[in-house]
Every structure is written in structure tokens, then in C-alpha cells.
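Trainee: Turn this into a model:
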Amino acid sequence: MISLNFDEFIQSLYFPHRDIILLVILSFIILISVGLLAAILLRSQKLDNKSKLVLLSISFIFGGIFLGGVPNVVLVIQHIFADIIFPNRWALLLIRLSIFLGLTLIFGRIFCGYVCPLGAMQELASMIRFKPKLDYDRKYWKKKNYLRWGFFAIYAIVSIIWGLEITLFMNPINGFLIFWTPLNLMIFVAFLIFLLIIPISIFIYRPYCRFFCPFGALAFLFGKVSPLKIRRTPYCNECGICEKICPTLEGFGLSTKGECYYCYRCIDFCTNEMFIDNEKIAQVNRLLTTYSLDFDSIPKEKYFDKIIKSIIRLIIPYKRTRALEQLNDALRSKKDMSLDAIQNIVIRLKAIFPEEIQKFDISKYTKWIEQNESRWKDKIEPIHLDKLFYGLKKET
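Mentor: Numbers count the residues shown, from 1 in each chain. Here you go, the predicted model:
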């Protein structure tokens, strides 16, 4: 049972910044923008570690420090459990919970992944030392659901019997209120739990989200039917790398992605061109050397065209258009290629073909890629069998 005085205490505790209206409004606008931007970047496959770091840091600063752990959906669930004998008071609480579950239904676990301040902190901690567990046992890790729903039941029973006063310290999101209420004992206990979760997150991916969060349990169910999913495309080579790199074991083809937090590791690992064939790079270098030794008998423009196409063919199908844009920037000295071996080729090209580079027409090669992409995907180079494109597409 929750008394009126306790309700007033909760209001004062959770909104110590209620008099700073501009701060609250600005923070909420920023958090909403973070969620939308994360969804857009994911959908367009343009999320990278730098933008991810910025988005997560913004959620921690504005949702965690400035708003004291708001939005705190766990508190809403605690309140519903504790207030179960007063169902007439549920309306506003259920509306709040329905909003977040509705967002999960539409956008998947974007809120958990990028907007929730505790989720953001766990994700940031996991980025300190992420190492794929190549020996994951999918059946063993499915047993975590017993822990998740067991803790959900404990949360409900304790809240119903002893009330919200007893369970507030069990919510580590309350630990963010230490910045606003440093002398409150309940907040201090929640802060200690928060401090325990963060270092654990370096070694166990999102432990609170996946095992203990009551909203995470509900979001897991709604995330299963969300249309925003990371799915394999027809270009997938079934190498299984995504299954090994995924920290929640949602990478396998038939996964419903209910536990996917859009950490982007599967896509980021695939877009990493570490598997470019060194032998093919050596062939390109030999082409350049051949021209240098016998340039009088070889038409310069045609040879330049041949080398450019050879460089493009180094990249796995479906990645070549983006690689061409990077090559164009490198040739015009705007930005170096990320792979040193290809950048060294670019340096040699600029020394041998300065006039041809000035006339370089990227649209010509873009069209060439589009004309040949369907044929290339049916003839994957052996080195590319170790690669996987795993994008936000409807195909499964």
C-alpha cells in the first residue's frame, strides 16, 4: 500500500529538477532525438562506433545525470505491482508503460539499447573489452530466461506484499539520483548496485537488461514482433560469423531478435574489410609495376581503368559502391583508405596517373558495379566465404 505522503515523497524524489523546466524539456527532446537518430542510422546502415559512442554518452549525460535516471520504466512497473490492490490508480501507470512497450513494438529494443541511461552505461562498459565468445552454447544461454522470469516474479511478489518502499533500492536506475539526492539511504543502496553492474558489464553483456530488468522481460516479448530487425539478405554466405560475434546469440537465421539491442557488432564485423585477399592486392601491385616498366606500349587510360576495376573487385559483393566512394576520396586526397595496403596502391596511382585521376568519373564505375553486381554475387571469391553481409532488410 502506498500512502499519499509516500506518493508525495516519490514525486519530490524523482523530480528534484521539476523547477528547472527548460532543462527537463531540453533533456527529453534530446533523448527522443537520440532514439530516432539511432533508428535512422541503423536503418540506413550508417551507424559506426564513433556515432554509437556519442549517442550512448548523450543518453547517460541527459537521461542519467541531468534527469536522474529518467525515463525510469522500471519504476512504473514497480508502482503497478505495489499498487495492485488499488486498480483504480493504474490508468496513468498503464498508459506510461504502454507508451514504452508500443515504442518497442515499432522500433524494437531501441529504447533499451540507446535511450535508457542504465542500458547506455552497460553498452559503453561492454565496448571497453568486447571479445566474441566463439564457444557459446545456445541451449545453455537460453536458460537465462528462467532467471529473467524468476526475478520478474520476485519483483512482483515483494512489491505486492511489502510495497514500493521496500523495492525502490532494487532498481539500479535509481542510482542516478545520487547526483541530486546524495544523502538518501535508498538512493545510496541503488547506486551501489549500479556501481556493481557497470564493471560486470565489461565481461557479461548487459547483465541487468538481460537477466533482472522487469521491463526488459516485457520488451523481450514485444521485440520479437517488431518490424525493425537485423536480418540476413540473399547475399549471406552462411559463414556463421554473426552467430559467434552476437553477444546475445540473436545472430542465427531463425532468431526472432527479441533480445537484440542493436549493438551493431554483426554488421560492423561484416563491414570490416579485414578479409581482403592479400594475393589479389599483390596482383594489383604487379599491374602497376608492369605499367611502370613498359608504359610506352600500353594505353594509359585503359590501363588505369583496368587497375581501378581490379581494386573494386577486391571488395566483397554488395560493399563495392561504398568502397568506390572511399577510393574516390583517397584519389583526390580527401581521406585515406582505411586499409594500408590499398592506400599504398592509391599513392602509387597518384604518382603514375595524375591526369587520369583528374578525369576520374565515379558515376561510370558506379554504373559498372550496378550492371555486374548480380553476376558477382553468384561467384563469390574464396576469401569472401569468410565474410557475411548482415543488414537491416526484410529478407530472411
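Trainee: Would you mind measuring the gap between the ends of stretch 158-166?
Mentor: The straight-line separation of the ends of stretch 158-166 (C-alpha to C-alpha, to the nearest Å) is 8 Å.
Trainee: Output stretch 195-208 as PDB, nothing but the C-alphas.
Mentor: What follows is stretch 195-208, C-alpha atoms only, in PDB (Å, rounded to 0.1, in the frame of the first residue of the first chain):
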ATOM      1  CA  LEU A 195      28.300   0.500  -9.400                       C
ATOM      2  CA  LEU A 196      28.300  -3.300  -9.300                       C
ATOM      3  CA  ILE A 197      26.500  -3.700 -12.600                       C
ATOM      4  CA  ILE A 198      28.900  -1.500 -14.700                       C
ATOM      5  CA  PRO A 199      32.100  -3.400 -14.200                       C
ATOM      6  CA  ILE A 200      30.300  -6.700 -14.600                       C
ATOM      7  CA  SER A 201      29.000  -5.400 -18.000                       C
ATOM      8  CA  ILE A 202      32.600  -5.400 -19.200                       C
ATOM      9  CA  PHE A 203      32.600  -9.200 -19.100                       C
ATOM     10  CA  ILE A 204      28.900 -10.100 -19.300                       C
ATOM     11  CA  TYR A 205      26.900  -8.300 -21.900                       C
ATOM     12  CA  ARG A 206      24.100  -6.100 -20.400                       C
ATOM     13  CA  PRO A 207      23.600  -8.300 -17.300                       C
ATOM     14  CA  TYR A 208      20.800  -6.200 -15.800                       C
END
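Trainee: Any buried residues in that stretch, and which?
Mentor: Buried residues in stretch 195-208, counted by 16 or more other C-beta atoms under 10 Å: Ile197, Ile198, Ser201, Tyr205, Arg206, Pro207, Tyr208. For every residue, glycine as well, the C-beta is placed using N, CA and C.
Trainee: Just put the residues you listed in JSON lines and tack on distance to His79 and pLDDT.
Mentor: JSON lines is the format used below for these (distance: C-beta to C-beta, whole Å; pLDDT from 0 to 100):
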{"residue": "Ile197", "distance to His79": "22", "pLDDT": "95"}
{"residue": "Ile198", "distance to His79": "25", "pLDDT": "93"}
{"residue": "Ser201", "distance to His79": "26", "pLDDT": "92"}
{"residue": "Tyr205", "distance to His79": "29", "pLDDT": "90"}
{"residue": "Arg206", "distance to His79": "24", "pLDDT": "92"}
{"residue": "Pro207", "distance to His79": "24", "pLDDT": "92"}
{"residue": "Tyr208", "distance to His79": "19", "pLDDT": "94"}
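Trainee: of all those, which two lie farthest apart?
Mentor: Pairwise distances across these peak at 12.8 Å for Ile198 and Tyr205 (criterion: C-beta to C-beta).
Trainee: Find residues that contact each of these two.
Mentor: Gln122 (C-beta atoms under 8 Å, 6 or more residues apart in numbering).
Trainee: Keeping just the C-alphas, turn stretch 58-66 into CSV.
Mentor: In CSV, the C-alpha atoms belonging to stretch 58-66 read as follows (Å, rounded to 0.1, in the frame of the first residue of the first chain):
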residue,chain,number,x,y,z
ILE,A,58,24.3,11.7,-24.6
SER,A,59,21.8,9.3,-23.0
PHE,A,60,24.0,8.9,-20.0
ILE,A,61,24.5,12.6,-19.6
PHE,A,62,21.0,13.9,-20.2
GLY,A,63,18.9,10.9,-19.1
GLY,A,64,21.2,9.8,-16.3
ILE,A,65,22.9,12.9,-14.8
PHE,A,66,20.6,15.7,-15.8
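Trainee: Name the surrounding residues that touch that stretch.
Mentor: Stretch 58-66 is contacted by residues 17, 23, 26-27, 30-31, 34, 69-71, 114-121, 124, 176, 179 when judged by C-beta under 8 Å, 6+ apart.
Trainee: Can you say which of those are buried?
Mentor: 17, 27, 30-31, 34, 69-71, 114-121, 124, 176, 179.
Trainee: Could you list which of the buried residues of stretch 195-208 belong to helices?
Mentor: Counting by DSSP state H, the buried residues of stretch 195-208 place Ile197, Ile198, Ser201, Pro207 in helices.
Trainee: Pretty sure the second one sits against Met121.
Mentor: Yes: proximity of Ile198 to Met121 meets the contact threshold set by C-beta atoms under 8 Å, at 5.9 Å.
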